[in-house]
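Have a look at this prediction, sequence included:
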Amino acid sequence: MEFEARLSDGAASEESLPRTSSRARLSRPAPRPKRDIVQLTTIEIRNKIVELEEGLKNVDDEGNEWKTRYEAQIELNKHLAKQILNLRQKMAKVHGNPSDRLSSIRVYERMPLNSLNQLLKQLEKEKRSLEYQVKEYELRLEQASKAFHKTNDERRAYLAEISQLTISQASKKQPMDSLAKMKENLLKRTGGLTIWYKLKGVENCERGRWIPANWRTSDIKKGPFKKTARTSHLPKLNP
């Protein structure tokens, strides 16, 4: 009996295992295929490589620009050093025999043909270097002039904007000033009229009009009229 019970329990447990495993499979998300993961990783790596290549290109461009400037400056320094040396040699020759003004020409006359050819090549090279310097200075001058004109135009635009703002502020302020002046003039006029009417014996005012004391108003529409002594127009009675 015990053996049969164990067998029945084992069968029940075996039946329950597939159910639990199927539930676990349903509850857990399906794993992504390795192929998709590899493709995503490859795309990310390619994008990173493109970014790095662009950054390297920018760095190379900046490095080449600085390298070009450095080489041009070295070449310019060499030309300047040669020019300084030639000038010193010429000065030494001139100081050697100052009375003879044609000493430099005579030196060239005594030189052999090969030396003259070498000297001519050197002078042509110096000429090319000087022309290169002139072009470089012209380019720098042009760039500086463009920058100057651009800055000057911006300055003029700012000045024009400032002047427009100043004019608008002045135009806004002018009506206020004119209104204040009108009020001030009105007060001055009313003050002067008050003093004048007081001197003339004016005591009251009606509808903004000053009325003298010897005048009275009986009808508003007709306005004030001067007070006069009443006279009787009835005939006299005979006694």
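Here it is on my side, so go on.

where in this structure is pLDDT low?
1-34, 59-64, 94-104, 170, 172-180, 183, 186-239 (pLDDT under 70).

Would you mind giving the domain segments of it?
According to automatic domain parsing, the chain comprises the domains 33-110, 133-199.

and the longest helix for this protein?
For the chain, the helix with the greatest residue count under DSSP state H is helix 113-200.

Now do that helix: which elements does it pack against?
Judged by 3 or more C-beta pairs under 8 Å, 6 or more residues apart in numbering; DSSP states H and E, helix 113-200 is in contact with helix 34-96, strand 209-212. C-beta: built from backbone N, CA, C; applies to glycine.

looking at those, which is buried most?
The highest mean neighbour count among these, using mean count of other C-beta atoms under 10 Å, belongs to strand 209-212: a mean of 14.

Quick check: residue 86 vs residue 121, distance?
Going from residue 86 to residue 121 by C-beta to C-beta, to the nearest Å gives 14 Å.

Oops, could you answer that again for residue 108 instead?
Note on residue 108: its distance to residue 121, by C-beta to C-beta, is 15 Å.

next one: residue 158
Distance, residue 158 to residue 121, by C-beta to C-beta: 55 Å.

What of residue 78?
16 Å.

Residue 68 too?
Residue 68 is 26 Å from residue 121, where distance means C-beta to C-beta.

for residue 48, same thing?
According to C-beta to C-beta, residue 48 stands 54 Å off from residue 121.

Equivalent analysis for residue 92, please.
22 Å.

anything in contact with each of residue 86 and residue 121?
Residues touching both residue 86 and residue 121 by C-beta atoms under 8 Å, 6 or more residues apart in numbering: none at all.

sorry, back to before: with distance to residue 162 added, can I get the helices and strands packed on helix 113-200 in CSV?
Formatted as CSV, these follow (distance: least, C-beta to C-beta, whole Å):
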stretch, distance to residue 162
helix 34-96, 39
strand 209-212, 51
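
Not counting stretch 143-150 itself, show me its contacts.
Under the contact criterion C-beta under 8 Å, 6+ apart, stretch 143-150 has no outside partners.

Just the CA trace of it, in CSV.
Only the C-alpha atoms of stretch 143-150 are listed here, as CSV (Å, rounded to 0.1, in the frame of the first residue of the first chain):
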residue,chain,number,x,y,z
GLN,A,143,42.0,89.9,-44.1
ALA,A,144,42.6,92.7,-41.6
SER,A,145,40.8,95.2,-43.8
LYS,A,146,37.8,92.9,-44.1
ALA,A,147,37.7,92.4,-40.4
PHE,A,148,38.0,96.1,-39.9
HIS,A,149,35.2,96.9,-42.3
LYS,A,150,33.0,94.3,-40.7
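
buried residues in that stretch?
By neighbour count with 16 or more other C-beta atoms under 10 Å, stretch 143-150 contains no buried residues.

swap in stretch 127-145?
Buried, per 16+ other C-beta under 10 Å, within stretch 127-145: residue 129.

residues in contact with stretch 55-75?
129, 136.

which residues touch residue 111?
residue 119.

Now do the phi/psi pair for it.
Main-chain torsions, residue 111, degrees, to the nearest 10: phi -80, psi 150.

Kindly report the same for residue 112.
Phi and psi for residue 112, reported as degrees, to the nearest 10, are phi -70, psi 170.

what's the neighbour count on it?
Number of residues near residue 112 (other C-beta atoms under 10 Å) recorded here: 8.
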